[in-house]
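[1] Quick one, fold the following:
(one chain, ligands or ions: 1)
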Amino acid sequence: MTARLDWYGCATFSLRTAGLTIFLDAYIDRPDGAEGTGLTASDITEADWILIGHSHFDHLWGAERILANTNATLIGSYESVRVMERQGVPLERMICVAGGEKIDLSPEVAVSVYPSQHSCVWSHAEMQEPDVVCLGDLDVRWHEQQDRFVDLMNYLTKETSDATQAHIVDSQPGHSERGDGGALIYLLETPSGSVLFQDTSGHWEGVMETIQPDVAILAAAGRGNIDGEPIQGSLAQFVARQVELLKPKTVVFGHHDNWMPGFSIPVNTEPIVREISQVDPTVEVLEPGYLAGTEILQ
Ligand SMILES: [Zn+2]
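    From the prediction side, this is the model:
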């Protein structure tokens, strides 16, 4: 039995294994001129399950069309389900989770849900390269984080290109006003091994150290969040810390392409790979391009 992983850009993947097609996030459309597959969510006609890491548009938007085109069931936070319900998705097509659930996707494949953390998106206006050490911003309280996030949204909706601004408008129905909805990570157990899916650079240390996947799909963008505080260090160090906790055999990056110019940057993954090899030189890092159909478990 094999497991084939396809990357759709940003943090969206599909995993085909044991007769199932499992989407990991559902964001497939891009602003005009951005890097990507050239597909839209309307082009997806094969899916049995959709697992959503958090409710931001660049993870959830598109699930409504994949659900309309298939018989898939969505698993996501209460907020992700609320956003989809508002767009007309029947509740019986969705399962609300908050962490702690284990769900059979078939007799052979199960998924466990864990609580997680969103990257500290409030802490920066621009994305930094992964070897830039970021310090400070500790103990910033909720109200100040909200104020800083408003500044970021003003920048995104006023200062970026027309294509990016139009994309933000298109992607927002029912979204955004309640934030990320609480980030989740998923551990898939398949006949050929286990796969962890994370779609934003944050975690609870005490949660991560209990999970030992064969393959870890790890977000590689933004300022890492450890137990609610921004990492005092670089993104590369953040990703490597996760490898230290999870002890995977194989790592696949997500969220590292230039999916929304003006906000995202094409992350140079080389410093991250180097940092990982210092933690564990035996870890294999795979960097598939879009829709490369990579075998991740043999
Ligand atoms: Zn997000």
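[2] quick one: contacts for the most centrally placed residue in the chain?
    The centroid of the chain falls nearest to Asp199 when counting by Cα atoms, centre = their mean (1.6 Å). Residues in contact with Asp199 (Cβ atoms under 8 Å, 6 or more residues apart in numbering) are 11, 24-25, 53-54, 59, 183, 219, 254-255. In short, each C-beta sits where N, CA and C put it, glycine included.
[3] could you redo those residues as JSON lines and give each row secondary structure, neighbour count and pLDDT?
    Formatted as JSON lines, the contacts of Asp199 follow (DSSP: H, G, I helix; E, B strand; the rest coil; neighbours: other Cβ atoms under 10 Å; pLDDT from 0 to 100):
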{"residue": "Ala11", "secondary structure": "coil", "neighbour count": "29", "pLDDT": "97"}
{"residue": "Leu24", "secondary structure": "strand", "neighbour count": "27", "pLDDT": "98"}
{"residue": "Asp25", "secondary structure": "coil", "neighbour count": "28", "pLDDT": "98"}
{"residue": "Gly53", "secondary structure": "coil", "neighbour count": "30", "pLDDT": "98"}
{"residue": "His54", "secondary structure": "coil", "neighbour count": "26", "pLDDT": "97"}
{"residue": "His59", "secondary structure": "helix", "neighbour count": "26", "pLDDT": "96"}
{"residue": "Ala183", "secondary structure": "coil", "neighbour count": "27", "pLDDT": "98"}
{"residue": "Ala219", "secondary structure": "strand", "neighbour count": "29", "pLDDT": "97"}
{"residue": "Gly254", "secondary structure": "strand", "neighbour count": "25", "pLDDT": "96"}
{"residue": "His255", "secondary structure": "coil", "neighbour count": "26", "pLDDT": "95"}
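[4] follow-up on the earlier one: is the residue nearest to the centre of the chain in a helix, a strand, or coil?
    coil (DSSP: H, G, I helix; E, B strand; the rest coil).
[5] Need the nearest residue in space to it, chain neighbours excluded.
    Closest residue to Asp199 apart from its sequence neighbours, by Cβ to Cβ, 6 or more residues apart in numbering: Gly53 at 3.2 Å.
[6] Then Ala216?
    Residue nearest to Ala216 in three dimensions, not counting chain neighbours: Pro248, with 3.9 Å by Cβ to Cβ, 6+ apart.
[7] The residue nearest to Asp199 against Ser201, yeah?
    No: with contacts counted by Cβ atoms under 8 Å, Gly53 stays clear of Ser201, the gap being 11.2 Å.
[8] can you list contacts of the host helix or strand of Arg65?
    Secondary structure from DSSP states H and E places Arg65 in helix 63-69. Helix 63-69 has contacts (Cβ under 8 Å, 6+ apart) with 23, 26, 40-42, 44-45, 47, 50, 52, 72, 74, 76, 80, 84, 87-89, 93.
[9] In PyMOL, how would I select just the buried ones from those residues?
    To isolate the buried members of these in PyMOL, using 16 or more other Cβ atoms under 10 Å:
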select buried, resi 23+26+41+44+47+50+52+72+74+76+80+84+87+89+93
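[10] Phe253 looks like it's in a helix, true?
    No: going by three-state DSSP, the assignment for Phe253 is strand, not a helix.
[11] still on that earlier bit, next step: the contacts of helix 63-69 restricted to helices.
    80, 84 (DSSP state H).
[12] now the helix holding Arg65, how far from the chain's geometric center?
    Distance of helix 63-69 from the chain centroid (Cα atoms, centre = their mean, to the nearest Å) equals 18 Å.
[13] Any buried residues in that helix, and which?
    63-67.
[14] how about CSV for these, with distance to Asp147 added?
    Shown next, in CSV, are those (distance: Cβ to Cβ, whole Å):
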residue, distance to Asp147
Ala63, 30
Glu64, 31
Arg65, 34
Ile66, 35
Leu67, 36
